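**Q** Coordinates for the following, if possible.
(one chain, ligands or ions: 2)
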Amino acid sequence: MAHALLPLKDLVAAKTRLSGILSASERRGLMQAMAQDVLAVLSNHPGLSAVTLVSDDPGASLLAANYAIEHLPEQELAAEGLNAVLAAACERISPQAETQILVLHADLPFLQGHEIQLALERQQQSGGLVIGTDCEQSGTNLLLFAANERPLFHFGVDSCAKHQDWARQAGLPAQVLQTSGVARDVDQPRDVLMLLQASLDPNSALGASTRAFLSEPKLAARLHIALADLDDEQGSPQATFSEDYCGHDK
Ligand SMILES: Nc1nc2c(ncn2[C@@H]2O[C@H](COP(=O)(O)OP(=O)(O)OP(=O)(O)O)[C@@H](O)[C@H]2O)c(=O)[nH]1
Ligand SMILES: O=C(O)[C@H](O)COP(=O)(O)O
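**A** Numbering: from 1, shown residues only. Ligands and ions are numbered 1, 2, ... in the order given. Sure, this is the predicted structure:
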């Protein structure tokens, strides 16, 4: 069984790269909706023995209570920055040596339970690190390892390569997985365009909370206008942002 850690930045500071198209309260609302979609998947997952929300956001304890998961306030960890916070959180949850630890980002509104299952199985089969990467294969949106083989976390720029390097140096195997929900994080305006397009498709895997957030008519109308230029620059949106534009779930 695995213990999942979901780090969540204070929502007033979240998604700064979207400040050109979303106000501060909209960024907060979007981040909260995405976190709810991720928690809906994690809190019901049979492969997870526990889920801990690691956050100092003022709403974090209520959010955790709503999904019947644990809340670990970041200020109790005396650590700064995502990598140090996660290392301290791993110490604090003190799992058994053989327990798997799953670190997952909260900005993954397309996440589905079978992607978590696939990662858990791969780690059980091969040991070492499982790295769930993004569409560019540069970042790490999911990281899975045995509690007694905790890596030095390298979240940040080029983290996929850095986590692979760490495993190589530690003499452990590393597998890179690119599944469609884990790969599609929401960082840039073009990712919001992808969300808007998915929200119009009733068959898309987009989570219910993010879908509801984007259905607010005034917000949707404004975003469509703000993103129209981007859409033109990207060429055919269907080709670039279709539901399965990256990731293989098998
Ligand atoms: N608890 C905690 N979570 C963090 C911290 N930094 C990032 N995160 C979380 O880690 C994941 C990836 O975050 P980033 O993409 O680095 O930051 P972001 O707020 O999503 O976006 P930007 O502000 O645009 O960089 C998200 O789930 C964040 O909420 C931190 O210092 N503490
Ligand atoms: O390690 C990484 O790639 C980053 O922490 C991922 O975060 P982002 O892609 O959401 O910025």
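**Q** Can you give me the neighbour number for residue 87?
**A** When neighbours are defined as other Cβ atoms under 10 Å, residue 87 has 17 of them. Just so you know, the C-beta spots here come from the backbone N, C-alpha and C atoms, and that holds for glycine as well.
**Q** Now do the same for it: helix, strand or coil?
**A** Under DSSP: H, G, I helix; E, B strand; the rest coil, the three-state class of residue 87 is helix.
**Q** isn't it right up against residue 78?
**A** No: the criterion here is Cβ atoms under 8 Å, and residue 87 misses it with residue 78 at 11.4 Å.
**Q** From the rest of the structure, what touches whatever helix or strand residue 196 lives in?
**A** Taking DSSP states H and E as the criterion, residue 196 maps to helix 189-199. If you take Cβ atoms under 8 Å, 6 or more residues apart in numbering as the criterion, helix 189-199 is touched by 17-18, 20-22, 30, 109-110, 184-186, 204-206, 210-211, 214-215, 220, 223-224, 226-227, 230-231, 234, 237, 241, 243, 245.
**Q** Would you list the buried entries among those?
**A** 18, 21-22, 30, 109-110, 184-186, 204-206, 210-211, 214, 223, 227, 231, 237, 241, 243 (16 or more other Cβ atoms under 10 Å).
**Q** filter those down to the ones near ligand 2?
**A** Subset of these in contact with ligand 2: residue 185, counting by Cβ under 6 Å from any ligand atom.
**Q** Give me the nearest residue to the residue in the chain that ligand 2 sits nearest to, chain neighbours excluded.
**A** Nearest to ligand 2, among the residues of the chain, is residue 139, at 2.6 Å (Cβ to the nearest ligand atom). Distances taken as Cβ to Cβ, 6 or more residues apart in numbering place residue 159 nearest to residue 139, at 5.5 Å, with adjacent residues excluded.
**Q** Any residues of this structure in contact with ligand 2? List them.
**A** So the chain meets ligand 2 at 105, 107, 134, 139, 140, 155, 156, 159, 185, 187 (Cβ under 6 Å from any ligand atom).
**Q** repeat that for 5 Å
**A** Neighbours of ligand 2 within the chain, by Cβ under 5 Å from any ligand atom: 139, 140, 155, 159, 185, 187.
**Q** Tell me how many other residues surround the last one.
**A** Put plainly, it is residue 187. There are 15 residues near residue 187, going by other Cβ under 10 Å.
**Q** Quick check, it in contact with residue 17.
**A** Yes: counting by Cβ under 8 Å, residue 17 is a contact partner of residue 187 at 5.5 Å.
**Q** Give me the contact status of stretch 89-98 with ligand 1.
**A** No: counting by Cβ under 5 Å from any ligand atom, ligand 1 is not contacted by stretch 89-98; separation bottoms out at 8.3 Å.
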